[in-house]
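Q: Got a predicted structure plus its sequence, pasted below:
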Amino acid sequence: GAGVSQSPSNKVTEKGKDVELRCDPISGHTALYWYRQSLGQGLEFLIYFQGNSAPDKSGLPSDRFSAERTGGSVSTLTIQRTQQEDSAVYLCASSFRRKTGDNSPLHFGNGTRLTVT
Amino acid sequence: QQQVKQSPQSLIVQKGGISIINCAYENTAFDYFPWYQQFPGKGPALLIAIRPDVSEKKEGRFTISFNKSAKQFSLHIMDSQPGDSATYFCAASMNSGYSTLTFGKGTMLLVSP
């Protein structure tokens, strides 16, 4: 079956521009996560959506970052006024239900590589 | 504050050897410890996971050893193969998996032929 789909796969933008990154989770998955992967920094949690509940935004690094999830499915991560330190791979993941575990692992997309010049 | 510390940062192992990656945590509320495997250009994928009520879990050539008192857990890859070359992330979460996963910084494993 189809996995988590992210677009674009690569994005090069100029400093100061806004960017939108898209994530299509696996159909039926109620939980959706955004992580950022920087070189040597592992996977940094950004934001989490669960059903119709208010999102957990505790990982967003600044108010330039925002995300929304429409209709409980597709999600968009927006970075305003991009900075060079925003350059990273942005990974989206979904899981079947809120509780992650062996029966409900995170399924990651292949990420969007963002380069801010 | 780094809640899950992973070492080494990179590892080279000969084919057939044992690869060992270690993780340590501080938060005793963590109760679910998965390992994720990531190939270049791909997203991470769940490899194996353990809960603190057991000290070891084995799936094929992959074994997690868990030491609750030391707050450490490790991944052992027996008979390492070139196809195992990837980046490995340990992670932890609380509340029986209801909290978000906190990941280590990753270990880049290279298995030489």
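A: In hand now; what should we look at? What you see is a predicted model, and the numbers here were worked out from it, not measured in a lab. Numbers count the residues shown, from 1 in each chain, chains lettered A, B, ... in the order given.
Q: List, one by one, the residues from chain A near chain B.
A: Residues of chain A found near chain B (Cβ under 8 Å from any Cβ of the partner chain) are A:4, A:33, A:35, A:40-45, A:48, A:56, A:59, A:91, A:93, A:98-102, A:104-111. (C-beta placed from N, C-alpha, C; glycine too.)
Q: Which of those residues fall in strands?
A: Among these, the members found in strands (DSSP state E) are A:33, A:35, A:42-45, A:48, A:91, A:93, A:107-108.
Q: Pull the contacting residues for the residue of chain B at minimum distance from chain A.
A: Ranked by Cβ to the nearest Cβ, the top residue of chain B for proximity to chain A is B:G43, at 2.8 Å. Residues near B:G43 by Cβ atoms under 8 Å, 6 or more residues apart in numbering or on different chains: A:4, A:91, A:93, A:107-111.
Q: follow-up on the earlier one: TSV for the ones in strands among the residues of chain A next to chain B, including neighbour count and pLDDT?
A: Formatted as TSV, these follow (neighbours: other Cβ atoms under 10 Å in any protein chain shown; pLDDT from 0 to 100):
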residue	neighbour count	pLDDT
A:Y33	27	94
A:Y35	26	96
A:G42	21	86
A:L43	27	93
A:E44	17	93
A:F45	17	93
A:Y48	22	92
A:L91	26	97
A:A93	27	95
A:H107	19	93
A:F108	24	96
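Q: wait, which of those is closest to chain B?
A: Closest to chain B, out of all of these and judged by Cβ to the nearest Cβ, is A:F108, at 2.8 Å.
Q: What parts of chain B come near chain A?
A: Going by Cβ under 8 Å from any Cβ, the residues of chain B near chain A are B:6, B:9, B:32, B:34, B:36, B:41-46, B:49, B:89, B:91, B:93, B:96-98, B:100-106.
Q: Many thanks, I have nothing further to ask.
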